[in-house]
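S.K.: what would the 3D arrangement of this be:
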Amino acid sequence: MKYRILGRTGLRVSVVGVGTWQFGGEWGRAFSQAEADAILSRAKARGINLIDTAECYGDHVSEALIGDFLRRDRREDWIVATKFGHRFRSNFTRDDLWSAAAVRQQLEDSLRALQTDYIDLYQFHSGGDDAFDNDELWTMLAKQVQAGKIRCLGVSISSQGDRRHQVAGAVAVGAGAIQLVYNRLEREPEAELLPLCLEHNLGVLARVPLASGLLSGKYKPGATFTNPADVRSLREQERIQAQLREVEDIRAREVPPGVDMAAWALAWCLKHPAVSCVIPGCKSPEQVDANADAAELDLVADDHPQAA
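M.R.: The predicted structure is shown next:
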């Protein structure tokens, strides 16, 4: 495994992390504690030290699975990243909660679910600019940093807000890392956002690095996602088919013979000088291994600007 410094946070993170949205039950099935333990144990064995979750991956369900594992492991070996701003109502449905008081309660609920005294990276979770531009919220969070309940703040951006505004504003609100969608099929951040992160020394967590599995190598054009418990069933199927055709072209033109496509796709993200870590989801220890193999590919340079 290779490690990088996550921008202004100073946190030393593995270049491959573990995304855990799937633990909340919105990627086709529920996970038992034994299954979560097996995934996280394999991650640790491969040198992975970053877990990314959120309050609304289930009603703290993902956090609770992680917390039970951490209770029986060495908490200090892990960088635990979670998020705030939403309350789980039902699968694929959230209530937005952005007031300082509501987020303060979410923090306590996350600490309880994770069975920890502190969160390493606490991230604003895909909110609009009205929610982001809230001095009372960031003042409260700064006090929680001072109290030791949060080590570092981050901003997970989405299309709900002005992404450039939130990246540029991250430093002003005390955040040191940005989470955004970036993969071989979705390269828009290269134009403005990633250069802005480099300019301000903001670490980057690249989420959806396998394009929701489309870059995993498992799916061919014509594959459909019809399980109503799988979030991909809600997406425009014509676009998915167009992306799968593009994946076939990428596989033929860019992926070296004999190289696993999933590992290649993660390594492709990691070659960008702004990217600190990729956070693919994984449903089994075998997928953890496939993801971790990305760190061994030549695309993941040892002289990366954030190498640690």
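S.K.: for the rest of this, base every contact and every neighbour count on C-alpha atoms.
M.R.: Will do.
S.K.: all helices of the stretch 101-250 of the chain, in order?
M.R.: 129-132, 135-147, 163-170, 193-199, 237-253 (DSSP state H, counting those that start in this stretch).
S.K.: who wins for proximity to residue 231 among these?
M.R.: Set against residue 231 and scored by C-alpha to C-alpha, the helices of the stretch 101-250 of the chain come closest in helix 237-253, at 12.1 Å.
S.K.: hmm, back to that, lowest average pLDDT across the helices of the stretch 101-250 of the chain?
M.R.: Sorting the helices of the stretch 101-250 of the chain by mean pLDDT places helix 237-253 lowest, at a mean of 90.
S.K.: list the buried residues in the least confident helix or strand in the chain by mean pLDDT.
M.R.: In the chain, the helix or strand scored least confidently by mean pLDDT, DSSP states H and E is strand 86-90, which has a mean of 81. Across strand 86-90, burial judged by 16 or more other C-alpha atoms under 10 Å covers 86-88.
S.K.: reformat these as TSV; add distance to residue 30.
M.R.: Listed next are those as TSV, based on distance: C-alpha to C-alpha, whole Å:
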residue	distance to residue 30
86	20
87	19
88	15
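S.K.: coming back round to it: paired strands for the least confident helix or strand of the chain, with orientation please.
M.R.: strand 93-96 (antiparallel) (DSSP bridges).
S.K.: how far does the strand it pairs with sit from its chain's centre?
M.R.: 19 Å (C-alpha atoms, centre = their mean, to the nearest Å).
S.K.: now stretch 103-117
M.R.: Distance, centroid of stretch 103-117 to centroid of chain: 19 Å (C-alpha atoms, centre = their mean).
S.K.: what's it in contact with?
M.R.: Residues from elsewhere that reach stretch 103-117, judged by C-alpha atoms under 8 Å, 6 or more residues apart in numbering: 55, 60, 63-68, 70-71, 75, 82, 84-85, 97, 118-119, 137, 140-141, 149.
S.K.: those residues, buried ones only, as a PyMOL selection?
M.R.: In PyMOL, this line selects whichever of the contacts of stretch 103-117 come out buried by 16+ other C-alpha under 10 Å:
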select buried, resi 55+60+63+64+65+66+67+68+70+75+82+84+85+97+118+119+137+141+149
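S.K.: please narrow the contacts of stretch 103-117 to those residing in strands.
M.R.: 82, 84, 119 (DSSP state E).
S.K.: format the residues you listed as JSON lines; extra columns: distance to residue 170.
M.R.: Output for the ones in strands among the contacts of stretch 103-117, formatted as JSON lines (distance: C-alpha to C-alpha, whole Å):
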{"residue": "82", "distance to residue 170": "17"}
{"residue": "84", "distance to residue 170": "15"}
{"residue": "119", "distance to residue 170": "18"}
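S.K.: low-confidence ranges in the stretch 201-308 of the chain?
M.R.: 227, 229-230, 234 (pLDDT under 70).
S.K.: and the strands in it?
M.R.: Along the stretch 201-308 of the chain, counting by DSSP state E, counting those that start in this stretch, strands occupy 203-207, 275-278.
S.K.: how about CSV for the ones you listed, with distance to residue 43 added?
M.R.: Formatted as CSV, the strands of the stretch 201-308 of the chain follow (distance: least, C-alpha to C-alpha, whole Å):
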stretch, distance to residue 43
strand 203-207, 17
strand 275-278, 13
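S.K.: highest average neighbour count across those strands?
M.R.: Counting by mean count of other C-alpha atoms under 10 Å, strand 275-278 has the highest mean neighbour count of the strands of the stretch 201-308 of the chain, with a mean of 29.
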